[in-house]
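K.L.:
Predicted model, plus sequence, below.
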Amino acid sequence: MSKIHVTTTVNGDEAEFLCEPRETLLDCLRDKLHMTGAKEGCGTGDCGACSVTVDGRLVCSCLMLGVEAEGKEITTIEGMAEGDTLHPLQRKFIEHAALQCGVCTPGILVASKALLEKNPDPSEEELRYWLAGNLCRCTGYDKIIRAVMDAAAEMRGEAA
Amino acid sequence: MRYHSPASFEDAAGIAASATGTTRFLAGGTDVLVQLRSDLVEPDDLIDIKKIPGVKDITQRADGGWDLGVAVAGAEMTETPALMADWPGLVEGMDLIGSTQVQGRATLVGNLCNASPAGDGVPAMITAGVTLSVTGPDGTREVAVEDVPAGPGKTTLTKGEVVSGVHIPARGAHGGDAYLRFIPRTEMDIAVVGCAVNLRLDGDTVVEARVALGAVAPTARLVPDAAAAIIGTTLDDAALEALAAAASAACQPIDDKRGTIEFRTDVAGVLAKRAAKIAYGRAKGNAA
Amino acid sequence: MALDGKTSDYKQIGTTPDRPDGLDKVTGRARYGADIHVPGMLHGVVVRSPHAHARIVKIDATKALALKGVKAVITRADFPEGLEGEDWDIQENCMAGEKALYDGHAVAAVAATSQLIARDAAKLVEVTYEVLPCVTNVDEAMKEGAPVIRDGAADYSVPEGLHPNVVRYFDTGRGDLDKGFAEADLVVEKSYSTEAVHQGYIEPHACMGQMGSDGRGEMWVCTQGHWFIRRMSAAVLGIETTKLRVTPSEIGGGFGGKTTVFMEPLSLALSKKAGGKPVKIVMSRSEVLRSTGPTASASMDIKMGMTKDGKITAAHGTFRMQGGAFPGAPVDVTTMLAFANYDIENVHHIGYDVITNRPRQAAYRAPGAPMAAFAVESTIDDMARELGIDPIEIRLRNAVKDGTRSTFGPKFGPVGLVESLEAAKAHANYSAPLGPNQGRGVASGYWMNWGGETSASVAISEDGSVTVSVGTPDIGGSRASMALMAAEAFGIAYEDVRVNISDTGALGVNEPTHGSRATYASGLATIKAAEECIGKLCQRAADKWGIDVDAVVWEDGAAKPSGPNAGDHDPLTIGEIAAEMGGTGGPISGHYEGSPTGFSGSFGTHVVDVEIDPETGHTTVLRYLVVQDAGKAIHPDYVEGQFQGGAAQGIGWALNEEYIYGEDGRLQNPIFLDYRIPVASDLPMIDTVIVEVPNPGHPYGVRGVGETGITPPLPALANAIRSATGLRMTGLPMTPPKILKALKEQGNG
């Protein structure tokens, strides 16, 4: 089967891979670029564990083909920290014990960052609905919501 | 699977027309990729229409109506305040499909052409009177949204035809629309029942109305009797009861894993009342 | 160095430091089951039966093997014969033999050079089935004429005359039921049912197995217990256990469902057949839902008697449960715990374990307890209403406490049910005002906890920092808890402890992280191993000072002289002793192995407020409170996390989650779209109160907290719905269509 050459940008770096048309962006990130931070929890867009942004837009990488990444700017959890400085969301997730098993965490962080870039001061309800496509089975969401709200407050320059 | 990314709708139609196996058009892909992953449909030819110029454009026409490119995602619609202000029901129907992530990719046309009876984007497109441009081997034709679904998973589009434009009428004065659906959770479910209402007022009186239901029949459908029940009224309690009765009477649902016949029939009436009240409030100029 | 019985003045215990694996998990670096890539790796895909019950007439892999890149195809013929008992069940469940017993049952597996080729090849394996009649409902499966799933599966306990699908029977109790019911002023009898639900961990099962022609193998796997994986895989393959070494990956949730094998032995068998190349198998979500987990479903009859002042005089429960096509529905636990919250003189339980054409049930958080709690706590709620007694008060009047003889036999030691009820009563949520269509529900729950085989080591590094090696995979922050306990025991900083989850080659046998045992048992083992190290550290100091070790005490991370004859010496810190240890007797480490029996159960009480939409039957959870006894909370944040997670799972079970089978026995909702676990917008904040009634069987008083929390939500939600609507919902899940139907009938009636 003939493969297609794809040139794309991942976390600011140029990346190239060969893929079959039916391979998803998630498959390509994980199996070809060996960036395994995005997870496959369902493969059907129902769990959000594979969340990435494409040209700044939050998407499920399991619902996008690898070939569609041609010429796009992709960011993943691996690109969230600046060097060894964690993003406030990452820091707050650790501080608030907002993860138990941690497998949904990359997707939730990527999704939360996308929200705060669009709306720096979300209400709890807005946040819960924004994250409705990110399933977490461990936490009951409580500490996740607290961590994101706290990170948002810090990023707005408000005292925690 | 062969992947194509044509530069024009004519080329897209040509590829589809000459294909011999299963063909799918790819815009947002939120249904196509699920079917692929689930081994339900592996197309022989997948035609990505996103390289065609204009497919991501949202344009307000001189007459006040709107033209949407066929690859405009839900999130791009909700980020267009003037469109939201004109057609809140239409936009919220689209916005209810899937998660935030799905909204980053999913399209109105995809929701329509997936032809699920439960597509949240469809009822309010029908009540708004949305029309589509459909490009095929013999040229381009215009078709009303309600004429596209033919049954679960089936449309009236013929081989080689691809939707090439979405046209939303001008809102006009004193109009309002709304879409509500019922799901067991608060998000992420397929509609068990959906109902859209679009109406126009003269003073306090409803002078025009369209009511459509989703997930209660093989296709989303207009319910003229339900519209008739509120036209000429001020949406008083009697009118709302008549509306609910007409909506319930129009249901021909099935029992399935998502709901029962009885439940769908009852809730269709409930949602019709609630959606009509919201649309009425919007037509009066009340917030949300 | 007397650490036992220490109950106050903790320096580390009860603090909430960052978890040691936090950084890896927020940066995407943590490696879960599917995240492994090794050179030469093949990809495996399992071929599964689309039929609920079918004879396998023929499997033809010719076309699959002809596909370029396909390296091996296996069927049951590639596994040894002659296994017995549970080993046979496990083998049969991993790979069907004569018959496919449920939709999704593995019938063959393929290994190829890529995931896509393996998937294509799996579709080319031609399986000829003779479809047989099927049954998926527990009550139907017990009826005369129901399809016999596996004749001869029943054990000695089953009385004659029952359907062959009844494979185990339980009959336990004490006292005089007739007398008890005669003393009652109120007797209530009601039947209840619960559907099967899945553990719903977000990480699908994943493993990579490698096995050569010499039968030696390695495995990387996401699991709650890698010694279990080793033992079961070896049994399925008919090899000696030590030929396998199993390394656990980070684990993306388990909740009991990752304590057994599914495709793990298949990866090893494929690897061996493919010349020893490693084979990675990652399940899809639909494979997870069709073929792993779920819990049992139950059909139950409860009869209880009470005096008019709310004292329970007698209780009887009958529990019919199906756990899929194999024996093992947790009826034993259900019957044991059904009435365990209460001090009841006259009590009787009957249990039936029934097989059906469903996947083999796996443990799920407090396995067996939530179903019975739904039935019993709902019945008590109805009785409280009828007698006009507050639901917390009626529980307080019957609650077990230190010295109460339990309904399952032994006497309770110190337990926290009364404390949890009183804390719930005092909480602001219990007196928050309710509006129209709103209601409040209360329920209590219990899990008895577990010790289990445990082996752990603690080693002192050259600079005095400490490495702890345990065998219980960290699912919810347990490395932080172990580090806190080690730091407390040594009197050193939390940051100076590193906790590793060791592979099967590095420690003795460890049971999985299950039964709410990890913080209790691995924690106890860590403390005991640390104490052994401290003894050795003190000896080194004594030797240096030339005094008897009895004259040395260990305080704040240092050896100090103590007593009249110890002499005057400066304290020697752990770092100072460690720096010299090479020359003073060599490395210092401590070890613990045992099956600790000092575990003690955890009681909890939940209070939930709901609002019901009277026109649609939709339930909104407005407020939620979890109060539970932790004994002693080592890391309170992660204790709260267990409370909140258990509550959320219970809410899902109560309201929307269920296995939906068609007439054909096929699972109709094998994706997260229709298997509806709670999403963020479904839930409110989940308030918590940690009650601490120390467990005397643990040095710091720890009780396991993981499981109790899923038990009360089922009845608490049902009781809240009753409070809001007057409806007693007796079947789970309490979906909008069911509630709306009941509301309509109520209106008509």
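P.N.:
Looks like it arrived, so ask away.
K.L.:
Next, count neighbours for whatever residue of the stretch 1-150 of chain B ends up closest to chain C.
P.N.:
Proximity of the stretch 1-150 of chain B to chain C (C-beta to the nearest C-beta) peaks at B:Ser38, 7.0 Å away. The C-beta positions use only the backbone N, C-alpha and C, and glycine is treated the same way. For B:Ser38, the neighbour count with other C-beta atoms under 10 Å in any protein chain shown is 15.
K.L.:
Let me see the backbone angles for residue 117.
P.N.:
Using chain A. Dihedral angles of A:Glu117 (phi, psi; degrees, to the nearest 10) stand at phi -70, psi -30.
K.L.:
The chain in question should be chain C.
P.N.:
According to degrees, to the nearest 10, C:Ile117 has phi -60, psi -40.
K.L.:
Could you find the closest non-adjacent residue to the residue in the stretch 101-250 of chain B that chain C sits nearest to?
P.N.:
As assessed by C-beta to the nearest C-beta, chain C sits closest to B:Thr186 within the stretch 101-250 of chain B, at 4.3 Å. Using C-beta to C-beta, 6 or more residues apart in numbering or on different chains and skipping residues adjacent in sequence, the residue nearest B:Thr186 is C:Ser681, 4.3 Å away.
K.L.:
Look up the pLDDT of the one you found for me, please.
P.N.:
C:Ser681 carries a pLDDT value of 98.
K.L.:
Tell me the spacing between it and A:Arg128.
P.N.:
4 Å (C-beta to C-beta, to the nearest Å).
K.L.:
Helix, strand, or coil at the residue nearest the centre of chain A?
P.N.:
With distances taken as C-alpha atoms, centre = their mean, the residue of chain A nearest its centroid is A:Val110 (2.9 Å). Following DSSP: H, G, I helix; E, B strand; the rest coil, we place A:Val110 in the helix state.
K.L.:
wait, doesn't it sit right on A:Cys50?
P.N.:
No - taking contacts as C-beta atoms under 8 Å, A:Val110 lies outside contact range of A:Cys50: 9.3 Å.
K.L.:
shared neighbours, those two?
P.N.:
Common neighbours of A:Val110 and A:Cys50 are listed as A:Ala38 (criterion: C-beta atoms under 8 Å, 6 or more residues apart in numbering or on different chains).
K.L.:
And the helices in chain B?
P.N.:
Assigned by DSSP state H, chain B shows helices spanning B:9-18, B:32-37, B:74-78, B:81-86, B:88-95, B:100-103, B:108-113, B:122-128, B:224-230, B:237-249, B:261-283.
K.L.:
Pull out the buried positions in the shortest one.
P.N.:
By neighbour count, and taking 16 or more other C-beta atoms under 10 Å in any protein chain shown as the criterion, the buried residues in helix B:100-103 are B:Thr100, B:Gln101, B:Val102, B:Gln103.
K.L.:
what residues does it touch?
P.N.:
Applying C-beta under 8 Å, 6+ apart, the set of residues contacting helix B:100-103 is A:45, A:48, A:51, A:58-60, A:63, A:111, A:114-115, A:130-133, B:28, B:30, B:73-75, B:78, B:95, B:97.
K.L.:
list the contacts for C:Thr605?
P.N.:
Per C-beta under 8 Å, 6+ apart, neighbours of C:Thr605: C:392, C:395, C:417, C:420-421, C:423-424, C:442-445, C:627-628, C:712.
K.L.:
any weak-confidence spans in the stretch 101-250 of chain B?
P.N.:
Within the stretch 101-250 of chain B, no stretch has pLDDT under 70.
K.L.:
For chain A, give me its nearest residue in it.
P.N.:
Among residues of the stretch 101-250 of chain B, the one nearest chain A by C-beta to the nearest C-beta turns out to be B:Glu187. It sits 3.5 Å away.
K.L.:
Domain parsing of the chain, as residue ranges.
P.N.:
With no chain named, the answer covers chain A. Following automatic domain parsing, one finds the domains of chain A at A:4-79, A:88-155.
K.L.:
ah, I was thinking of chain C
P.N.:
C:22-30+C:451-594, C:33-132+C:207-281, C:297-449+C:600-748.
K.L.:
Break down the stretch 401-550 of chain C into its helices, ranges please.
P.N.:
Taking DSSP state H, counting those that start in this stretch as the test, the helices found in the stretch 401-550 of chain C are C:417-426, C:478-490, C:523-545.
K.L.:
Mind giving me the packing neighbours of the second one?
P.N.:
Contact here means 3 or more C-beta pairs under 8 Å, 6 or more residues apart in numbering or on different chains; DSSP states H and E; on that basis helix C:478-490 packs against strand C:466-470, strand C:497-501, helix C:523-545, helix C:636-655.
K.L.:
Now mean pLDDT too, for those, in TSV please.
P.N.:
Below are those laid out as TSV (pLDDT from 0 to 100):
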stretch	mean pLDDT
strand C:466-470	98
strand C:497-501	98
helix C:523-545	98
helix C:636-655	98
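K.L.:
can you redo these as a markdown table with mean neighbour count?
P.N.:
As requested, the helices and strands packed on helix C:478-490 are exported to a markdown table (neighbours: other C-beta atoms under 10 Å in any protein chain shown):
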| stretch | mean neighbour count |
| --- | --- |
| strand C:466-470 | 24 |
| strand C:497-501 | 23 |
| helix C:523-545 | 23 |
| helix C:636-655 | 27 |
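K.L.:
and of these, who's closest to C:Pro164?
P.N.:
Taking C-beta to C-beta, helix C:636-655 is the member of the helices and strands packed on helix C:478-490 nearest to C:Pro164, at 30.1 Å.
K.L.:
helices and strands around that closest one, which ones?
P.N.:
Contact partners of helix C:636-655 among helices and strands, from 3+ C-beta pairs under 8 Å, 6+ apart: helix A:142-155, helix C:369-387, helix C:478-490, strand C:602-612, strand C:619-629, strand C:686-691, helix C:713-725.
K.L.:
With mean pLDDT added, can I get these in JSON lines?
P.N.:
Formatted as JSON lines, these follow (pLDDT from 0 to 100):
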{"stretch": "helix A:142-155", "mean pLDDT": "98"}
{"stretch": "helix C:369-387", "mean pLDDT": "98"}
{"stretch": "helix C:478-490", "mean pLDDT": "98"}
{"stretch": "strand C:602-612", "mean pLDDT": "98"}
{"stretch": "strand C:619-629", "mean pLDDT": "98"}
{"stretch": "strand C:686-691", "mean pLDDT": "98"}
{"stretch": "helix C:713-725", "mean pLDDT": "98"}
